[in-house]
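In: next comes the sequence, and after it the predicted model I'd like to discuss.
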Amino acid sequence: QVQLVESGGGLVQAGGSLRLTCAASGRTFSTYAMGWFRQAPGKEREFVAAIVKSSGNTAYADSVTGRFTISRDNAKSTVYLQMNRMKPEDTAVYYCAAGSLWHRDYRRYDYWGQGTQVTVSS
C-alpha cells in the first residue's frame, strides 16, 4: 500500500510556471506507475501525464504536451509535475495517483492523493 501527498499548488498568472510534488510513503514506490490527473468544477477527472516505473517512458494529454513535464525520483519516492506556459484552462484540482501500470483512465489507478488546487489567472 502507498500513501500520496501532493503539494505545490497555488495561484499563478497565465504564462507562469508551477511545480507540483507528490510524496509517497512506503518502500514500494518504484514498483508503481505514477500519473497526474486534474478535475475542474463540474467536469470529469482527466488525464494529464504519466510515467512508468523505471522513469523511462512518459505520456501526456494533448492539451499539456510541450508545456508540462512529469518526472520521478525513486530514491526520494517522489513524482513531480513541472507546469510551464500555464493557461487559465489549466485551473483545476490536481491529483497524483499510483497504479500497477500507467493508463489514461483514472479508474485504473489504485491509490490517490488528496489533491492540490491550481488556479491560473488571465
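Out: Everything's here; your move. Residues are numbered from 1 along each chain as shown.
In: kindly confirm my reading that R107 is in a strand.
Out: No. Checked against DSSP: H, G, I helix; E, B strand; the rest coil, R107 lies outside a strand; its state is helix.
In: report the contact partners of it.
Out: Taking C-beta atoms under 8 Å, 6 or more residues apart in numbering, we find R107 in contact with no residue. Every C-beta, even on glycine, is put in place using the N, C-alpha and C of the backbone.
In: per-residue confidence at it?
Out: As summarised for this prediction, R107 has a pLDDT of 96.
In: which SSE is the closest residue to G8 other than its chain neighbours in?
Out: The shortest distance from G8 to any residue that is not its chain neighbour, by C-beta to C-beta, 6 or more residues apart in numbering, is 4.3 Å, and that residue is L20. Assignment of secondary structure by DSSP states H and E places L20 within strand 18-24.
In: distance of the spatially most central residue of the chain from R27?
Out: Note on the chain: the residue nearest the mean C-alpha position is W36, at 2.4 Å, using C-alpha atoms, centre = their mean. As for W36, its distance to R27 is 22 Å (criterion: C-beta to C-beta, to the nearest Å).
In: what's the answer for G42, then?
Out: G42 sits 39 Å away from R27, going by C-beta to C-beta.
In: between those two, point out the one with more neighbours.
Out: Applying other C-beta atoms under 10 Å to G42 and R27 shows that R27 carries more neighbours, namely 9 against 5.
In: what is the burial count for Q1?
Out: When neighbours are defined as other C-beta under 10 Å, Q1 has 8 of them.
In: the one 10 residues further on too?
Out: Neighbour count of L11, defined by other C-beta under 10 Å: 12.
In: in which helix or strand does it reside?
Out: Taking DSSP H and E as the definition, L11 sits inside strand 10-13.
In: give me the pLDDT value at the residue nearest to G8.
Out: Per the predicted model, pLDDT is 98 at L20.
In: quick one: contacts for the residue nearest to the residue nearest to the centre of the chain when sequence neighbours are not counted?
Out: Computed as C-beta to C-beta, 6+ apart, the closest residue to W36 that is not its neighbour in sequence is V48, at 4.3 Å. Going by C-beta under 8 Å, 6+ apart, V48 touches G35, W36, F37, R38, Y60, A61, V64, F68, L81, Y94.
In: perfect, I'm done here.
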